[in-house]
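Engineer: Give the three-dimensional model of this entry:
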Amino acid sequence: MTQPDYRAEPREFLEMLYRTAVRQALPMHTLGAHLPSPPTHPGARTLVLGAGKAGGSMAQALERAWPADAPLQGLVVTRYGHVPPLSAGAALPRIEVVEASHPVPDAAGLEAAQRMLALTRGLTEHDLVICLISGGGSSLLTLPAQWPGGGVSLADKQRINRALLASGATIGEINCVRKHLSAIKGGRLAAACVPAKVVTLLISDVPGDDPTVIASGPTVADPTTCQQALQILQRYAIEIPVELIERLRSGLLETPKPSAPGFASSSVHLVATPQQSLEAAASAARAAGLEAFILSDQMEGESREVGRVHAALARAVALRGQPFARPCVILSGGETTVTLRAQALGGGAGRGGRAGEFCMGLAQALQGQSGIYALAADTDGIDGVEDNAGSWVVPDSLARAQHLGLKIDDFLDRNDAYGFFSGLGDLFITGPTYTNVNDFRAILVL
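Structural biologist: A predicted model of the protein is given here:
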């Protein structure tokens, strides 16, 4: 990749860092080294199951690395529009890849989950199941919990999911609830595969790379409880049916724990993480003669507030040379949250996601400070549900907004980062990247 001059082409330089981070997380570069050997018992099956925004590219990477003469079949679900095109001359895939909705589940995700469970029937101890799991799998792999005479409906799951996403709850809290309202997440997919050997290959999109949180941990034992899920729903005032409250209180929707059959013979491998991508970006910056500092790959909190904290740090570097000497680039990752305020204020819902909201908080707090350029973007190429990966912040962002009559406070009140940055022409659009290691933020201080 060509190295832009960070002084003459700051935006191009930051984009190069982003693309370096994304390339580091592409399954084609990382997955093959973690594959198990095909089973050797006559007639043994190798079944591939998976879910996530990187599901299509993980399936392609597995197909390329798997021996052509070894049996292989499976089903993977990914987000609409996130199936990478087949390379020229590639063989027809043996793993079926289907698409479903994210971040709110739909009937296509429900059908995919039902089909996956059906594929696990008849597995033996000689068979191998390879599970390809990446961020976004919680929504894409949806199978509401059922019980005699009742259950959670898809409409219930959709409504609860929307409410949690708008509440400001952390990804760990959201996924705790998802696991206890599901018949496939929280270790239940692995339980369905017993007695086969299960190997899970993960691309992490969560702070701390916790396998039990990534895509709500469909193949790993769950340490959270029904009581914790109920407390989270109550904390964020999420309304749920009375019958569901009773099921959670009684523990009848409890997830499989580490002592459950099957987990002792399963293994989990992280094939790409946020930290690895940040380190790749930092190395690229240093190769260009610029010092780079990684704050953390585990940042959480309200997006706009995280942006303001980053702005305070960048201004200190620009004005005082503390805690880092300039020029430098400051990198961070993690998964922030956006609490939707528009409805509470009586306004219309805004557009945009965590990266854009971060950039609005950053721009507001930078106050037009000279010499500071920033890019925040989601590594899957989609910030929220719009068509942009993220947004740019440059020294004249606020001045241009004022000239155009764009009041940043009003856009923050509406959570409308997309509207603000599209008005400035500062949306960062990449299209789907076919991987997902979550938030990427780079601030260049000249």
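Engineer: Give me the pLDDT value at Gly89.
Structural biologist: Gly89 carries a pLDDT score of 62 in this model.
Engineer: residue ranges of the strands in this structure, please?
Structural biologist: Under the criterion DSSP state E, the chain carries strands at the ranges 46-51, 73-79, 95-100, 128-134, 146-147, 150-151, 197-203, 267-272, 291-294, 328-334, 372-378, 390-393, 427-428, 439-445.
Engineer: Out of these, which is closest to Arg351?
Structural biologist: strand 427-428 (10.7 Å; C-beta to C-beta). Where you see a C-beta, it was placed from the backbone N, CA and C, and this is true even at glycine.
Engineer: Let me see the contact set for Leu164.
Structural biologist: Glu173, Ile174, Val177, Tyr236, Ile238 (C-beta atoms under 8 Å, 6 or more residues apart in numbering).
Engineer: Just send the residues you listed back as a markdown table, with distance to Thr379, pLDDT and neighbour count too.
Structural biologist: Formatted as a markdown table, those follow (distance: C-beta to C-beta, whole Å; pLDDT from 0 to 100; neighbours: other C-beta atoms under 10 Å):
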| residue | distance to Thr379 | pLDDT | neighbour count |
| --- | --- | --- | --- |
| Glu173 | 22 | 94 | 22 |
| Ile174 | 19 | 94 | 22 |
| Val177 | 25 | 96 | 27 |
| Tyr236 | 27 | 95 | 17 |
| Ile238 | 28 | 94 | 18 |
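Engineer: Which of these fall within helices?
Structural biologist: Judged by DSSP state H, helices contain the following of the contacts of Leu164: Glu173, Ile174, Val177.
Engineer: about what we covered before: and of the strands of the chain, who's closest to Ala25?
Structural biologist: strand 267-272 (4.1 Å).
Engineer: and that closest one, average pLDDT?
Structural biologist: Per-region confidence: strand 267-272 scores 96 on mean pLDDT.
Engineer: tell me which strands and helices that strand is in contact with?
Structural biologist: Judged by 3 or more C-beta pairs under 8 Å, 6 or more residues apart in numbering; DSSP states H and E, the packing partners of strand 267-272 are helix 27-30, strand 197-203.
Engineer: Worst mean pLDDT among those?
Structural biologist: Among these, helix 27-30 carries the lowest mean pLDDT, at a mean of 92.
Engineer: Mind listing residues that contact it?
Structural biologist: Helix 27-30 is contacted from outside by 23-24, 54, 57-58, 60-62, 64, 203, 271-272, 434-435, using C-beta under 8 Å, 6+ apart.
Engineer: Hmm, Gln3 is touching Glu15, no?
Structural biologist: No - taking contacts as C-beta atoms under 8 Å, Gln3 lies outside contact range of Glu15: 11.8 Å.
Engineer: Nearest residue to Ser422 in space, please, no chain neighbours.
Structural biologist: The shortest distance from Ser422 to any non-neighbouring residue, by C-beta to C-beta, 6 or more residues apart in numbering, is to Asn388 (8.0 Å).
Engineer: Contact partners for that neighbour?
Structural biologist: For Asn388, the contact set (C-beta under 8 Å, 6+ apart) comprises Gly356, Ile382, Tyr418, Phe421, Ser422, Leu427, Phe428, Ile429.
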